[in-house]
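Just a sequence and a predicted model for now, questions to come.
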Amino acid sequence: MEIEVLRYPTDADWARCLFLARITQGRDGMVVPSQEWRKKILNSEHSPIRTLMYTIAIWQVPYFVSVHFVRHKFGIEHYVKSQRVNPERGEERQDAPVNHVMDLNAQALVNMSRKRLCYKADPKTRVVMEQIAEEIGKVDPVLREFLVPDCLYRNGCHELQSCGYYERIMRDGRDQ
Ligand SMILES: [Zn+2]
């Protein structure tokens, strides 16, 4: 399996994001925002971050993991190379590899991380989500900071049974 970030926001995209944020405040202008401003707007989760688009390819991912990602449906489009059933071999297996491309905005990526980085998520899917966050970190370190499990965002796991991550990092620190 391989993760590839095919597209992430350019300075021009960020300038547009700032422009849209200023329009809502009755101001205008097209300038490239600072890293600090980028962090602020991502932290606020205001609507202009929904214009920041990412295209992420997950090459050769097990089919069942792809199905987990497909459940995320707001601010995201999925393009999955469907499996053809081979008449000689019968049904494709649940872990048969597929190519899955997601075209999504920054908010959708943040939302997806909250669910899929939780230790209550399927372990294989969580590992894929961790790798996505890592690859995003290489091209867009500002966004990377906001790709955290819900348990970190909401000061404790809110799954029906806690995954235990928050309790563990409170005790041992985040990198344990
Ligand atoms: Zn959790």
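Looks like it arrived, so ask away.

ok, the residue nearest in space to the middle of the chain - contacts?
Residue closest to the mean C-alpha point of the chain, counted by CA atoms, centre = their mean, is Leu109 at 2.8 Å. For Leu109, the set of contacting residues under the criterion of CB atoms under 8 Å, 6 or more residues apart in numbering consists of Tyr54, Ile136, Leu143, Leu147. Quick note: C-beta positions are derived from backbone N, CA and C, even for glycine.

Identify each buried residue in the longest helix seen in the chain, please.
Ranked by number of residues, the top helix in the chain under DSSP state H is helix 123-139. Applying a neighbour-count criterion of 16 or more other CB atoms under 10 Å, one finds Thr125, Arg126, Val128, Met129, Ile132, Ala133, Glu135, Ile136 buried in helix 123-139.

which of these come close to the ion?
Counting by CB under 5 Å from the ion, the subset of the buried residues of helix 123-139 that neighbours the ion is empty.

which parts of the chain sit against the ion?
Close to the ion, as judged by CB under 5 Å from the ion, the chain has residues Cys118, Cys151, Cys157, Cys163.

By neighbours, which of the residues you listed wins?
With neighbours taken as other CB atoms under 10 Å, the top of those is Cys151, carrying 24 neighbours.

Going by residue numbers, what spans are helices in the chain?
Applying DSSP H to the chain gives helices spanning 11-23, 35-44, 63-70, 106-116, 123-139, 141-144, 150-153, 165-172.

got the buried residues for the second one?
Judged by neighbour count using 16+ other CB under 10 Å, the buried positions of helix 35-44 are Trp37, Arg38, Lys39, Ile41, Leu42.

Check the last one too.
Judged by neighbour count (16+ other CB under 10 Å), helix 165-172 contains these buried residues: Tyr165, Tyr166.

Who are the packing partners of that helix?
Contacting helix 165-172 under the criterion 3 or more CB pairs under 8 Å, 6 or more residues apart in numbering; DSSP states H and E are the following elements: helix 150-153.
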